[in-house]
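Colleague: Sequence and predicted model, in that order:
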Amino acid sequence: MEERATVPVLLASLFDQPFTYVLPDGGTLAPGTLVAAPLGNRLLAGAVWPGDIDRVDPAKLKSIADILPLPPLDERLISFVNWVADYTLVPRGQILRMVLRGVENFEPEAAMLAYRATGALPERMTPSREKVLATASGGMAWPKAALAREAQVTASVIDGLVTAGALEAVEVPAPPALTRPDPTHEPPALSPDQQSVAATLRTLPGAGFSVSLLDGVTGSGKTEVYFEAVAEAVAQGRSVLILLPEIALTGQFLDRFEARFGERPGEWHSQVSPKKRAKIWRALMEGRGGVIVGARSALFLPFRDLGLIVVDEEHDAAYKQEEQAIYHARDMAVVRARIEDVPVILSSATPSVESRANCELGRYTRLELPERYGEARRPDIKAVDLREHPPETGRFLSQPAVEALSAAVQRGEQGLLFLNRRGYAPLTLCRRCGFRFDCPNCTAWLVEHRFRGELVCHHCGHRHKVPKHCPSCDAEDSLVACGPGVERIAEEVAERFPGLRYTILSSDMAPGIRILREKLAAIERGEVDLVIGTQIVAKGHDFPGMTAVVVVDGDIGLAASDPRAAERSFQTLEQVVGRAGRRGGLSHGLIQTYQPDHPVMRAIVAQDREAFYASEIALRREARLAPFGRLAAIIVSGKERGETESYARAIARSAPRVENVDVLGPAEAALAIIRGRSRFRLLVKAPRQFDLPTFLRGWLAAAPSPRGSLRLAVDIDPVSFL
Ligand code: ADP
Ligand code: ZN
């Protein structure tokens, strides 16, 4: 039989290894070439992948169906995919799928229609028609909407002029998906502190791989300062990737970017339309780069000329993707920067303990902005001891909190009430028989959302109407709400401050990004007196008029028992009180707590972040936690509890014994059941130098594989311990 030309193709699916395909027209394809290839009776996207070809009977091989008319993926991007897959134990094809997201709506770039004057005059002339022809008289071709806007007429007037022969449609190239920002457009006047940090940052683009931690208190102007590094990379003709943890932040960010650089950056997150994403993706594939601002998925974009990566709010847990491919976008950004040989800037007012420790270890360079910019001063922060100032029964705000808020509002300023709990009440029970509403699918109480009149599970989405009668004892009107959520705080605000303008900022109250951006803009413009919000308000927003911040329950995070509870609590509280006093004058942060002597509370009240980091780093070093050691979680789940537990035990028994590597568990997870699946966890602890992914791969390859409803997931560097 004659020899046929074959290539290895990695499909964007759940496989780790490339498959061999026939090239129908012979020849070869460069690694990274994008193709469509059949698998079973489906056609999948994939890429020609460097590596071994599997030995398959040549007669059974299938042919590649299509070759995409695009330059091949960059070899550094291929290395990145391989690296991430190896490290996270996620199949290569699944990581490739994140790279090929933009291909889903791939279509040839369509030209756009534009209209220009032919010189002929229509038989019937009207004032509207005259305006259009006057506007189009310069010989330029106008997009229809722009021409109508400029001439202040409706689009039908233009259609009429085309029919009449006075305008003609011509094809013009579509506007570029990405525009080059102008690095010299509007540089800010930097303070001396800012200047010295900016000077260092400006030297980074073009000088190879490095990691800098921009560690500056809230309001110190970190964005303005790292924009200087962005400007430098852009001036060198390179692309820049800026990661933000929360798409709610992008609105204000895009405006600031435009003010500094005269152009808007490309936007990449789940709320951008697939068509727009496809355009950006294609522009990058074709080497027409720019600046991209995006969520963690932007990390997998096919940049060809990357010059800098910025990870803003680098401490944020939203960078950890917890489903399907489990990876940490901040850590993988550092990896991509290393492979691309470019600098990465991690920015935060409350850096992760890992990043601070990496600075101490000399791996990262720490750049500090210790003061707020300009007139702005840090708020005066106090813990309100709830044992001394108990709220009235059925209420949740203490006297000092109410006073601080009303004082701010009376001065025409804004207040913020922070409670990281959506809905009305976290628990509903029957006052007569004690029945509690829990989720049939999860180990969790149902949360009352009074606004929607529903009880909702925040883990699986199970919901039903709030019943009139207790489902257990049938008593009428016997249900009581226990504890507060933001909706209940809003109710108290409405009672205490009649006539006040308040708004709730919570992900479920603003389902679309547009509504959320409008709400944020209204707050910025001062159209709201009080903001009541969940963690969404703790993230980097700049609210100029806000001078009083109240944390309703400062103890929520401290109750958690995982190794990161203190760090997470510190970050949230510090970020929330940091929303106050961004424009000078006195401002206040009040934290309601039953534990005013907790080290986290003390560090925040005394504004002694250094003491906090020093003690957390010491604890991590002692416990051999990251970055002083390595941790991985193995999560086993299944439909039957007994079967799941025995499988988790079998996995534990099959662990290879290696000195200094501890396998702990299995233990039933704190969230023992999610979506009807029982969950058990194992924890693996190893020294820093140890190659944990290779160890895990070897172990799991030899361990019994999950059967039936059983599933096994590996979480390297876990952030959540639930
Ligand atoms: P951070 O990100 O450190 O919390 P921001 O970058 O949001 O701080 O800056 C806080 C506020 O101060 C913003 O409104 C910003 O525009 C303003 N600001 C900071 N530095 C300057 C500067 N050099 N010139 C003008 N405004 C500045
Ligand atoms: Zn549930």
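Modeller: That came in fine, so what should we check first? Ligands and ions are numbered 1, 2, ... in the order given.
Colleague: Which single residue of the stretch 101-250 of the chain ends up nearest ligand 2?
Modeller: Glu246 (24.1 Å; Cβ to the ion). To be clear about C-beta, it is placed using only N, CA and C from the backbone, and glycine gets the same treatment.
Colleague: Kindly tell me how buried the residue lying closest to that residue once chain neighbours are set aside is, as a neighbour count.
Modeller: Nearest residue to Glu246, sequence neighbours excluded (Cβ to Cβ, 6 or more residues apart in numbering): Lys539, at 5.1 Å. For Lys539, the neighbour count with other Cβ atoms under 10 Å is 19.
Colleague: Strand partners (parallel or antiparallel) of the biggest strand by length in the chain?
Modeller: Ranked by number of residues, the top strand in the chain under DSSP state E is strand 662-674. Sheet partners assigned to strand 662-674 using DSSP bridges are listed as strand 677-687 (antiparallel).
Colleague: does ligand 2 sit close to the strand it pairs with?
Modeller: No: for a cut-off given as Cβ under 5 Å from the ion, strand 677-687 has no contacts with ligand 2; the smallest distance is 10.7 Å.
Colleague: which parts of that strand are buried?
Modeller: Arg677, Ser678, Arg679, Phe680, Arg681, Leu682, Leu683, Val684, Lys685, Ala686 (16 or more other Cβ atoms under 10 Å).
Colleague: can you check stretch 522-539 too?
Modeller: Quick answer for stretch 522-539 (16+ other Cβ under 10 Å): 523-524, 528-539.
Colleague: right, is it up against ligand 1?
Modeller: No: under the criterion of Cβ under 6 Å from any ligand atom, ligand 1 is not reached by stretch 522-539; the shortest gap measures 10.1 Å.
Colleague: roughly how far out does that stretch sit from the chain middle?
Modeller: Relative to its parent chain, stretch 522-539 has a centroid offset of 20 Å by Cα atoms, centre = their mean, to the nearest Å.
Colleague: With stretch 462-479 instead?
Modeller: Centre to centre, stretch against its chain (Cα atoms, centre = their mean), the figure for stretch 462-479 is 37 Å.
Colleague: what's the span of it, first residue to last?
Modeller: End-to-end distance for stretch 462-479, by Cα to Cα, to the nearest Å: 19 Å.
Colleague: Offset the numbering so it begins at 48, please.
Modeller: Let's use 48 as the start, then, which means that last one is stretch 509-526.
Colleague: and that stretch, which residues are buried?
Modeller: His509, Val513, Cys517, Ser525, Leu526.
Colleague: show me what contacts the most centrally placed residue in the chain?
Modeller: The structure's the chain has its C-alpha centroid closest to Pro292; by Cα atoms, centre = their mean the separation is 3.3 Å. By Cβ atoms under 8 Å, 6 or more residues apart in numbering, the residues touching Pro292 are Ala342, Arg343, Asp359, Glu360, Asp363, Ala365, Tyr366, Lys586.
Colleague: Roughly how far does the residue nearest to the second one when sequence neighbours are not counted sit from ligand 2?
Modeller: Same thing as Arg343. Spatial nearest neighbour of Arg343, chain neighbours left out: Ala376 (3.4 Å); criterion: Cβ to Cβ, 6+ apart. Distance of Ala376 to ligand 2, given as Cβ to the ion, to the nearest Å: 27 Å.
Colleague: neighbours of Ala376, just the number please.
Modeller: By other Cβ under 10 Å, 23 other residues sit near Ala376.
Colleague: Test my guess that the residue nearest to Glu293 contacts Ile294.
Modeller: No: between Lys586 and Ile294 there is no contact under Cβ atoms under 8 Å: 10.6 Å.
Colleague: and Gly745, how many neighbours does it have?
Modeller: Gly745: 12 neighbours (other Cβ under 10 Å).
Colleague: got it, and the one 5 residues further on?
Modeller: If you count neighbours by other Cβ under 10 Å, Ala750 ends up with 19.
Colleague: SS state for Lys322?
Modeller: Three-state call for Lys322 (DSSP: H, G, I helix; E, B strand; the rest coil): helix.
Colleague: and what of Ala679?
Modeller: Under three-state DSSP, Ala679 comes out as strand.
Colleague: On the pLDDT front, check it for me.
Modeller: pLDDT for Ala679: 96.
Colleague: after the strand or helix carrying Ala193 comes which helix or strand?
Modeller: Assigned by DSSP states H and E, Ala193 falls within helix 191-198. Downstream of helix 191-198, the first helix or strand assigned by DSSP H and E is helix 202-210.
Colleague: Dump the C-alpha coordinates for the following helix or strand past that following helix into CSV.
Modeller: Once helix 202-210 ends, the next helix or strand along the chain (criterion: DSSP H and E) is strand 214-219. Provided in CSV are the C-alpha atoms of strand 214-219 (Å, rounded to 0.1, in the frame of the first residue of the first chain):
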residue,chain,number,x,y,z
LEU,A,214,-26.0,57.9,-3.4
GLU,A,215,-24.2,54.6,-4.1
ALA,A,216,-23.1,51.8,-1.8
VAL,A,217,-19.5,50.8,-2.0
GLU,A,218,-17.6,48.1,-0.1
VAL,A,219,-15.0,49.3,2.4
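Colleague: Within the sheet, what are the partner strands of strand 214-219, with directions?
Modeller: Going by DSSP bridges, the partners of strand 214-219 are strand 159-164 (antiparallel).
Colleague: tell me the angle of the strand it pairs with relative to helix 202-210?
Modeller: Counting by axes from the mean of the first three to the mean of the last three Cα atoms, to 10 degrees, strand 159-164 lies at 70 degrees to helix 202-210.
Colleague: who does the following helix or strand past strand 159-164 touch, helix- and strand-wise?
Modeller: Counting by DSSP H and E, the next helix or strand C-terminal to strand 159-164 is helix 174-182. Packing partners of helix 174-182 (3 or more Cβ pairs under 8 Å, 6 or more residues apart in numbering; DSSP states H and E): helix 191-198, helix 202-210.
Colleague: The last one packs against which elements?
Modeller: Meaning helix 202-210. Using 3+ Cβ pairs under 8 Å, 6+ apart, helix 202-210 sits against helix 174-182, helix 191-198, strand 214-219.
Colleague: Distance from the chain centre to that helix, please.
Modeller: 45 Å.
Colleague: Look up which helix or strand Glu663 falls in, please.
Modeller: With DSSP H and E as criterion, Glu663 is part of helix 656-670.
Colleague: quick one: buried residues of that helix?
Modeller: So for helix 656-670, counting by 16+ other Cβ under 10 Å, buried means Arg656, Phe659, Tyr660, Glu663, Ile664, Arg667.
Colleague: Keep the residues you listed, but drop any that are not near ligand 1.
Modeller: Near ligand 1, by the rule Cβ under 6 Å from any ligand atom, you find none of those.
Colleague: from the residues you listed, which is closest to Gln639?
Modeller: Phe659 (20.0 Å; Cβ to Cβ).
Colleague: Excluding chain neighbours, what is closest to that closest one?
Modeller: Using Cβ to Cβ, 6+ apart, the nearest residue to Phe659 is Ala650, at 3.7 Å.
Colleague: quick one: that neighbour from ligand 2, how far?
Modeller: Computed with Cβ to the ion, the distance linking Ala650 and ligand 2 is 35 Å.
Colleague: Repeat that for Glu360.
Modeller: Counting by Cβ to the ion, the gap from Glu360 to ligand 2 is 29 Å.
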